[in-house]
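K.L.:
Got a sequence here, can you model it:
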Amino acid sequence: MNILTHLHLAEISKTHLGANLAGNFVTAPIDSAPQALRQGLWLNQEINQLCVNHELTQELMALFPARLSSIAADLMFVSFDHYLAYYWEEYHQQPLSEFSQKAYAELEEFATQCDEYHPQSCLEIIADMRCHDWLNNYATSKGIQQALVQRAKGHPHSALFNGADKLLAKMQIETETAFRTFYPQLMAYTRIWSRKTPSDYLPSGSAD
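P.N.:
Next up, the predicted model:
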């Protein structure tokens, strides 16, 4: 999933925001990570796996033009972040502007270290995120364009992202319907996973 979604799911599951985001960049084994980060890294993997394999998301990705199949998941993730921001008050009790500032502060603290569990690629994202207020901007068309530009960076099929914002606008009904149906399920799964996290991945003092 994309950035806002991971941060929101980390918040509602009371897990580490930085680790939930860093999981998109970390390749080192979770078992060797600092204890405080393990649950968030593990949760990131569970969320990503469900999001690309669930029947609803598979059906949505199949609706994208065949020529865009290699970036269908990226387009879906960007659209989901947009609708989460747009309908934020339905999914979180705190205004998005307040949540964003809290998240930026926690992520900046996470970014004070740089190692294989605080990878540079993630730290660069965190710096840009606050500078350009990505989280609040996701609700706007400008934010969608910004997210697509970020997704295209370093992507092996970056040229396919050209004009993708116009395609997402045309597919609004399909993407919004999928999000509104799928996301409450993902929130429920996330809360369950946070309670059923393997004991070796729980923060110190959290194991039964």
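
K.L.:
contacts, neighbours, all on C-alpha from now
P.N.:
OK.

K.L.:
would you list every one of the helices in the chain?
P.N.:
Counting by DSSP state H, one finds helices in the chain at the ranges 3-12, 17-22, 35-53, 55-63, 72-86, 96-110, 120-131, 134-137, 141-152, 164-170, 172-195.

K.L.:
Can you say which of those is packed in most?
P.N.:
Each of the helices of the chain was assessed for mean neighbour count using mean count of other Cα atoms under 10 Å. The highest is helix 17-22, with a mean of 26.

K.L.:
Quick one: mean pLDDT for that helix?
P.N.:
What helix 17-22 shows for mean pLDDT is 97.

K.L.:
related to what we said a few turns ago, distance to Ser158 added to the helices of the chain, as a markdown table?
P.N.:
Formatted as a markdown table, the entries for the helices of the chain read as follows, by distance: least, Cα to Cα, whole Å:
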| stretch | distance to Ser158 |
| --- | --- |
| helix 3-12 | 19 |
| helix 17-22 | 22 |
| helix 35-53 | 20 |
| helix 55-63 | 18 |
| helix 72-86 | 11 |
| helix 96-110 | 27 |
| helix 120-131 | 17 |
| helix 134-137 | 20 |
| helix 141-152 | 5 |
| helix 164-170 | 11 |
| helix 172-195 | 21 |
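
K.L.:
nearest to Leu202, of those helices?
P.N.:
Each of the helices of the chain was scored for nearness to Leu202 using Cα to Cα, and the closest is helix 35-53 (5.5 Å).

K.L.:
which other residues reach that closest one?
P.N.:
Residues outside helix 35-53 that contact it (Cα atoms under 8 Å, 6 or more residues apart in numbering) are 1, 6, 10, 15-24, 30-31, 57-58, 73, 186, 190, 193-194, 197, 201-204.

K.L.:
again, only using 6 Å
P.N.:
Outside helix 35-53, the residues within contact range by Cα atoms under 6 Å, 6 or more residues apart in numbering are Met1, Thr15, His16, Ala19, Asn20, Gly23, Ile30, Tyr201, Leu202, Pro203.

K.L.:
now swap in stretch 79-96 and tell me
P.N.:
Counting by Cα under 6 Å, 6+ apart, the neighbours of stretch 79-96 from elsewhere in the structure are Leu4, Thr5, Tyr138, Ala139, Phe179.

K.L.:
And those, which is closest to Glu106?
P.N.:
Closest to Glu106 out of the contacts of stretch 79-96 is Leu4 (13.8 Å), distances taken as Cα to Cα.

K.L.:
Before we move on, what's the pLDDT of that closest one?
P.N.:
Taken from the predicted model, the pLDDT recorded for Leu4 is 97.

K.L.:
about what we covered before: of the contacts of helix 35-53, which belong to strands?
P.N.:
The subset of these located in strands under the criterion DSSP state E is empty.

K.L.:
Would you mind stating the distance between Glu55 and Gln185?
P.N.:
Note on Glu55: its distance to Gln185, by Cα to Cα, to the nearest Å, is 12 Å.

K.L.:
Much appreciated, bye for now.
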